[in-house]
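Trainee: Here is a sequence with its predicted model. Questions after.
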Amino acid sequence: MLTIEEVKNIAKLARIELTPAEEKRHAETISAVLDYMKILNEVDTENIEPTSQVTGLSDVTREDAPRDCATKKELLTQMPKVSDNELVVPGVFNGEE
Amino acid sequence: MELNELTIKQAAEGLKKKEFTSVEITRVCLDRIKKRNKEINAFITVCEDSALAEAKAADKILASGKGDVLTGVPFAVKDAICTAGIRSTGAAKILDNYTPPFDATVIRKIRQQGGVLVGKNNCDTFGHGASNENSMYGPVRNPRDTGKVAGGSSGGSAAAVADNMCIYAIAEDTGGSIRQPAAFCGIVGLRPSYGRNSRFGIMPMASSLDTVGPLAKTAEDVALLMEIMAGQDKLDATTVADKVPKYTKAISKSVKGLTVGLPKEYLDVEGMDKETREIILAQAEKLKEAGCEIKKVSLPFTKYAIAVYYIIVPSEDSSNLGRLDGVRYGVRADAKNLYDLYAKSRAQGFPEEVKRRILIGTYALSAGYYDAYYKKAQKVRTLIKNDFENVFKDVDVLLTPTSPFPAFGLGEKADDPLAMYMADVMVAPAAVAGMPALSVPVGNNKKGLPIGAQIIGPRLGEEAVLQVGNKLT
């Protein structure tokens, strides 16, 4: 069973603010899901390689060369706050903009 | 027959012969959306003006005797796929105002042919769900019975095609999101082999499982779309260089001599609806009469697929969705410092299921748990993949139900995430293994709800899958 404290800690790592009611719900539902995952312990996976992808492709690369960004204007219009063509965010250290 | 009820093939022929124009067929689809969308909720955004402009442009091309098979044919796109200049929310409020400056590669290919985009389909937010009840824009209702879910996550796309609001739709399938709603709504849907179609421009969920595929009224239309959508893409390094086969030729071939496997782990699964089972077994008989050899087979690791899937997906999800933080695009919450900006934007912009998956994934990938969850799941994934590779030494395709039951009631499973996850039991294994799988409608149960049969093939074996699927529809 996942504790409320553990849920709070994961939520902090994941940068999601939760209400106390959400913390309680997630502790319950996630515990049920994680409990179900124990079914995998039935499987002997010794000497089995993990599969991270199924294509068999490896080292697919492209030339590491700069390209023009044709959609600079459109990207700027999508930004929540812009000043002089630069993105604005609150300060990282002092908490001020 | 109304114009919006046509298949792609019929629409293309009619347009070419000038029996009707693209503007006409587009208007009929838009009228249908106006009439029905309030109840079905299949669209988040309807692009009436741009669709009519695109239709006019297509008519000009067609009038000059030019044009391709998709020129002037109206289609819809799941909202978790980027469309240039058209709002793409992924059914999440954090992207409520997001207009991508680019098309996903598969959409670019269709638009280059002059396809007419009528709108963006509702879905479970970022594909997280099996009922389309996890959308921040409300649930989608099944056109066949509006008290039932349309399936998910591509429920809006399946409902839109089934209800003739468009001729076909493009959606995404990570662990059943095309096939299960196709089955619930009574249409055809293909999850291609992983790597066959470019994923560039789709909102990523689980990068090692995500695929993009078509939903249409016939297997023939799906074959036709795959010829256009498939192929290697510079912008997606996981696409394969293998030549794109002539799928439309493959489907017309006789199925005589093909070996079809019936896996016991699917047909005898706990909770299997009896009527669904009978309808699927009748399909096996039908194939036998057509000259197929039917073979009982076993894929012993099938029962672990849901556990594997629901560890790998939230893990990759939690990483992929890190990009949605209210900083560079999307909706930003009011906050005095940067931590609060992230935490509040994500709290307000994600629905409960998205938060749950991010939390599960963050937990499964955190120090001390990585080996027990993520790595363990990846190892069992290998065994599931081996199951399929072994069975395809003996059979050409597998025949299974797409879902253990037909469309369930709205709200029936909404409060029990694990019960909802179990709805993916027939569709998750092929996804985990990267195999192509098609859902085709093969009849209705006594209550009139559609039943879907799933045909699974070996990697890049879409031809046989479509060939058998075509025989069953």
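Mentor: Happy to help now that I have it.
Trainee: count of residues packed around residue A:44?
Mentor: Neighbour count of residue A:44, defined by other Cβ atoms under 10 Å in any protein chain shown: 9. To be clear about C-beta, it is placed using only N, CA and C from the backbone, and glycine gets the same treatment.
Trainee: and the gap between it and chain B?
Mentor: Distance of residue A:44 to chain B, computed by Cβ to the nearest Cβ, to the nearest Å: 9 Å.
Trainee: That residue: what secondary structure?
Mentor: coil (DSSP: H, G, I helix; E, B strand; the rest coil).
Trainee: Find me the pLDDT at it, would you?
Mentor: On pLDDT, residue A:44 comes in at 97.
Trainee: now residue B:423
Mentor: Here, the pLDDT recorded for residue B:423 equals 89.
Trainee: Angles on the backbone of the nearest residue to it once chain neighbours are set aside, please.
Mentor: Nearest non-adjacent residue to residue B:423, counting by Cβ to Cβ, 6 or more residues apart in numbering or on different chains: residue B:130, 4.2 Å away. Note on residue B:130: its backbone torsions stand at phi -130, psi 20 [degrees, to the nearest 10].
Trainee: Could you check how far residue B:70 is from chain A?
Mentor: Residue B:70 is 25 Å from chain A, by Cβ to the nearest Cβ.
Trainee: Nearest residue to that residue in space, ignoring adjacent ones along the chain?
Mentor: Among residues not flanking residue B:70 along the chain, residue B:113 sits closest, at 4.1 Å (Cβ to Cβ, 6+ apart).
Trainee: What's the local residue count around that neighbour?
Mentor: The number of residues packed near residue B:113 is 16, by other Cβ under 10 Å.
Trainee: Quick test: name the residue nearest the centre of chain A.
Mentor: residue A:14 (6.6 Å; Cα atoms, centre = their mean).
Trainee: before we move on, the earlier item: pull the number of nearby residues for the residue nearest to residue B:423.
Mentor: For residue B:130, the count of nearby residues is 29 (other Cβ under 10 Å).
Trainee: List the residues that contact residue 6.
Mentor: Just going to use chain A. The neighbours of residue A:6, taking Cβ atoms under 8 Å, 6 or more residues apart in numbering or on different chains as the test, are A:27, B:363.
Trainee: let's do chain B instead
Mentor: Neighbouring residues of residue B:6 by Cβ under 8 Å, 6+ apart: B:14, B:25, B:167.
Trainee: 10 Å - rerun?
Mentor: Taking Cβ atoms under 10 Å, 6 or more residues apart in numbering or on different chains, we find residue B:6 in contact with B:12, B:13, B:14, B:15, B:20, B:25, B:28, B:73, B:164, B:167, B:217.
Trainee: pLDDT score assigned to the residue nearest to residue B:70?
Mentor: Confidence score, pLDDT, at residue B:113: 98.
Trainee: and stretch A:65-79 with chain B, contact?
Mentor: Yes - Stretch A:65-79 reaches chain B (Cβ under 10 Å from any Cβ of the partner chain) through A:69, A:70, A:71, A:72, A:73, A:74, A:75, A:77, A:78, A:79.
Trainee: so where does residue 76 fall, helix or strand?
Mentor: Assuming you mean chain A. Counting by DSSP states H and E, the element that carries residue A:76 is helix A:72-78.
Trainee: Chain B, not that one
Mentor: With DSSP H and E as the criterion, the answer for residue B:76 is strand B:74-78.
Trainee: For chain A, give me the ranges with low pLDDT.
Mentor: Along chain A, segments meeting pLDDT under 70 span A:94-97.
Trainee: Kindly recompute the last result at 50.
Mentor: A:97 (pLDDT under 50).
Trainee: likewise chain B?
Mentor: For chain B, not a single residue meets the criterion pLDDT under 50.
Trainee: In contact with the residue sitting nearest the centre point of it, which residues?
Mentor: What sits nearest the mean C-alpha location of chain B, by Cα atoms, centre = their mean, is residue B:178, with 2.2 Å. Under the criterion of Cβ under 10 Å, 6+ apart, the neighbours of residue B:178 are B:78, B:151, B:153-154, B:157-158, B:169-172, B:188-192, B:211-215, B:427, B:437-439.
Trainee: helix/strand/coil for the residue of chain B most remote from its centre?
Mentor: Most distant residue from the mean C-alpha position of chain B: residue B:336, 40.2 Å away (Cα atoms, centre = their mean). Three-state assignment for residue B:336 (three-state DSSP): coil.
Trainee: Go ahead and confirm it touches residue B:343.
Mentor: No - taking contacts as Cβ atoms under 10 Å, residue B:336 lies outside contact range of residue B:343: 11.9 Å.
Trainee: got the contact list for residue 78?
Mentor: Answering for chain A, as no chain was given. Residue A:78 makes contact with A:71, B:95, B:97, B:98, B:99, B:100, B:101, B:328, B:329, B:330, according to Cβ under 10 Å, 6+ apart.
Trainee: hm, I was asking about chain B
Mentor: Taking Cβ under 10 Å, 6+ apart, we find residue B:78 in contact with B:44, B:88, B:90-91, B:104, B:120-123, B:127, B:153-158, B:160, B:169-173, B:177-178, B:202-203, B:212, B:215.
Trainee: same check, this time on residue B:158
Mentor: Going by Cβ under 10 Å, 6+ apart, residue B:158 touches B:42, B:78, B:121, B:123, B:132, B:140, B:142-143, B:150-152, B:169, B:171, B:177-189, B:215, B:439.
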